[in-house]
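1. Here's a sequence, model it:
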Amino acid sequence: MTAWDGWDGDGLTVGGVGVERLAARAGATPFFAYDRAALTQRVALLRAALPDRLDLSYAVKANPMPAVIQHMAGLVDGFDVASAIEMRHALDTPVPPTRVSFAGPGKTDAELRQAVAAGVTVELESERELTRLTAVSDDLGVPGRVAVRVNPDFAVRGSGMRLGGGPQQFGVDAERVPELLAKLGATGLLFHGFHVFAGSQNLDAESIATAQRMTAELVHRLADAAPGPVRYVNLGGGFGIPYSKRDRPLDLALVGENLSGIVEDLHDALGTRVVVELGRYLVGEAGVYVTRVVDRKESRGRTFLVVDGGLHHQLAASGNFGQAIRRNYPIAVASRAPGSDTEQVTVVGCLCTPLDLLGDDVALPHAAVGDLIAVFQAGAYGLTASPTAFLGHPAPVELLV
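-> Alright, predicted model coming up:
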């Protein structure tokens, strides 16, 4: 179910270091720990399964910890950012600005100015953004690098979050892209290609493969209206990871086999550099959230473990990050190796709200006050996707081990 196999006689280890020692290193609980070797191994797995000509880009929003970004810089071919701060962190790495793309539907003029000045690729989300970017570029006297983000005329089955098809705040509707390209051609901007991202957190390899084929067909159609060579095509990502017992891991071999034909076709026909942009799939399973039991209580036949963490650090694990049906993330008593007799408990956070639920009626070894609880699959959309200021509790430390 989870990629974690780091256990010794004293409990969970991350990067070969026991969690109690990591808690001492962090200075307090709760904390996040990310396994450096697991990140490296995940990229190696992808490299082995995906075609050689395919570039791999890291979507920084999944985990923008600067140390993680620096580590990923030595493994991937580029970065996708969604804010000026993420862009700044990406530009602090050895990855060249020409391999950084900036997407997002609400870029400010200041952010556009920073992007043009830095030489990163701006992925246009609207006609108005084209007008604003042109003005910024003219004012700086620097031709901005541009790709058009396309809202496709199809949707993706099986995605946990739909980012394309139908009305969307993301990208330019496919049927309006030729008109936008004509306007773009009359500017001094440097056209580079297209970004088409239809959905995220998808565990259905057939669905992903179908979406990628349809994306390639869409790019071929739009290339006829392009004001210059299509040098870059971002196929998006959407590769999902398992979060609950009912989830099955993505069939990466099927995805890779399908991509081989697509990459060769786009390269041979258009001379295009093809990119897959992944976030969650790269970092999600490499992270663990560790929190300590501060109380153990019984209420009308139910046992509650109250911990010093909660949804203010791990909103997704609490079920309040877009899940239609809440399911428990993998969770364990980190202070001891698995396999001992279990009991049914509910793990709740320290916040004054019934929404603060980390494990609902889960089977865990007996845990006492002071024991550590680990929530797995915590490497993506954890700390920075959570309401850290809610009720004023301290922010947790993040460790790259």
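2. Every contact and neighbour count from this point should use C-alpha atoms.
-> Will do.
3. and the host helix or strand of Q344, what does it pack onto?
-> Remark: Q344 resides in strand 342-348, with elements defined by DSSP states H and E. Here strand 342-348 touches strand 302-307, strand 357-365, going by 3 or more Cα pairs under 8 Å, 6 or more residues apart in numbering; DSSP states H and E.
4. Now for A389, how many residues are close by?
-> Counted with other Cα atoms under 10 Å, the neighbours of A389 add up to 11.
5. If you drop the residues flanking it in sequence, what lies closest to it?
-> Closest residue to A389 apart from its sequence neighbours, by Cα to Cα, 6 or more residues apart in numbering: H312 at 7.2 Å.
6. I figured F239 hits A198, correct?
-> No: between F239 and A198 there is no contact under Cα atoms under 8 Å: 11.4 Å.
7. Any idea how far stretch 52-62 is from the middle of the chain?
-> Put simply, stretch 52-62 sits 10 Å off its chain's centre (Cα atoms, centre = their mean, to the nearest Å).
8. and if you look at stretch 139-146?
-> Stretch 139-146 sits 29 Å away from the centroid of its parent chain (Cα atoms, centre = their mean).
9. go on, stretch 297-306?
-> Offset of stretch 297-306 from its chain centre (Cα atoms, centre = their mean): 35 Å.
10. Going by neighbour count, which residues in it are buried?
-> Buried positions in stretch 297-306, judged by neighbour count with 16 or more other Cα atoms under 10 Å: 303-306.
11. Just after the one helix or strand R221 maps to, pick out the following helix or strand.
-> Using DSSP H and E, R221 falls within helix 205-223. Scanning forward in sequence from helix 205-223 by DSSP H and E, the next helix or strand is strand 232-234.
12. name the helices or strands packed onto that following strand?
-> Short answer (3+ Cα pairs under 8 Å, 6+ apart): strand 232-234 packs on strand 190-195, strand 273-278.
13. Using a markdown table, lay out the ones you listed together with mean pLDDT and mean neighbour count.
-> Converted to a markdown table, these look like this (pLDDT from 0 to 100; neighbours: other Cα atoms under 10 Å):
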| stretch | mean pLDDT | mean neighbour count |
| --- | --- | --- |
| strand 190-195 | 97 | 24 |
| strand 273-278 | 96 | 22 |
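14. Nearest to S299 among the ones you listed would be which one?
-> Closest to S299 of these, according to Cα to Cα: strand 273-278, at 43.3 Å.
15. which residues are contacting that closest one?
-> Applying Cα atoms under 8 Å, 6 or more residues apart in numbering, the external contacts of strand 273-278 come out as 53-59, 80, 231-239, 263, 266-267.
16. how does it look with 6 Å?
-> Here strand 273-278 makes contact (Cα atoms under 6 Å, 6 or more residues apart in numbering) with 54-59, 231-237.
17. Neighbour count and distance to M214 added to those residues, as a markdown table?
-> Output for those, formatted as a markdown table (neighbours: other Cα atoms under 10 Å; distance: Cα to Cα, whole Å):
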| residue | neighbour count | distance to M214 |
| --- | --- | --- |
| L54 | 20 | 17 |
| D55 | 18 | 19 |
| L56 | 22 | 20 |
| S57 | 26 | 21 |
| Y58 | 27 | 23 |
| A59 | 29 | 22 |
| R231 | 17 | 19 |
| Y232 | 20 | 17 |
| V233 | 25 | 13 |
| N234 | 23 | 13 |
| L235 | 22 | 10 |
| G236 | 20 | 12 |
| G237 | 26 | 14 |
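18. residue ranges with poor pLDDT in the stretch 201-350 of the chain?
-> 322, 324 (pLDDT under 70).
19. OK, contacts around N151?
-> 164, 171-174.
20. and which of the residues you listed is nearest D361?
-> The nearest member of the contacts of N151 to D361, counting by Cα to Cα, is G164 at 36.1 Å.
21. hang on, isn't G6 packed against G18?
-> No: counting by Cα atoms under 6 Å, G6 stays clear of G18, with 8.9 Å between them.
22. which residues are common contacts for these two?
-> Going by Cα under 6 Å, 6+ apart, residues that sit against G6 and also against G18 are L12.
23. Those two: which is more packed in?
-> Neighbour count, other Cα under 10 Å: between G6 and G18, G18 has more, with 19 against 14.
24. Could you report the distance from the more buried one to V290?
-> Separation of G18 from V290 (Cα to Cα, to the nearest Å) stands at 11 Å.
25. Check L75 too.
-> Between L75 and V290 the computed distance is 27 Å (Cα to Cα).
26. Please say which of the two ends up with more neighbours.
-> The residue with more neighbours, out of L75 and V290, is V290; 28 against 19, by other Cα under 10 Å.
27. on that earlier part again, okay, the contacts of strand 273-278 in JSON lines with distance to A225 next?
-> Compiled in JSON lines, the contacts of strand 273-278 are given as follows (distance: Cα to Cα, whole Å):
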{"residue": "L54", "distance to A225": "24"}
{"residue": "D55", "distance to A225": "25"}
{"residue": "L56", "distance to A225": "27"}
{"residue": "S57", "distance to A225": "26"}
{"residue": "Y58", "distance to A225": "29"}
{"residue": "A59", "distance to A225": "28"}
{"residue": "R231", "distance to A225": "14"}
{"residue": "Y232", "distance to A225": "15"}
{"residue": "V233", "distance to A225": "15"}
{"residue": "N234", "distance to A225": "18"}
{"residue": "L235", "distance to A225": "19"}
{"residue": "G236", "distance to A225": "21"}
{"residue": "G237", "distance to A225": "25"}
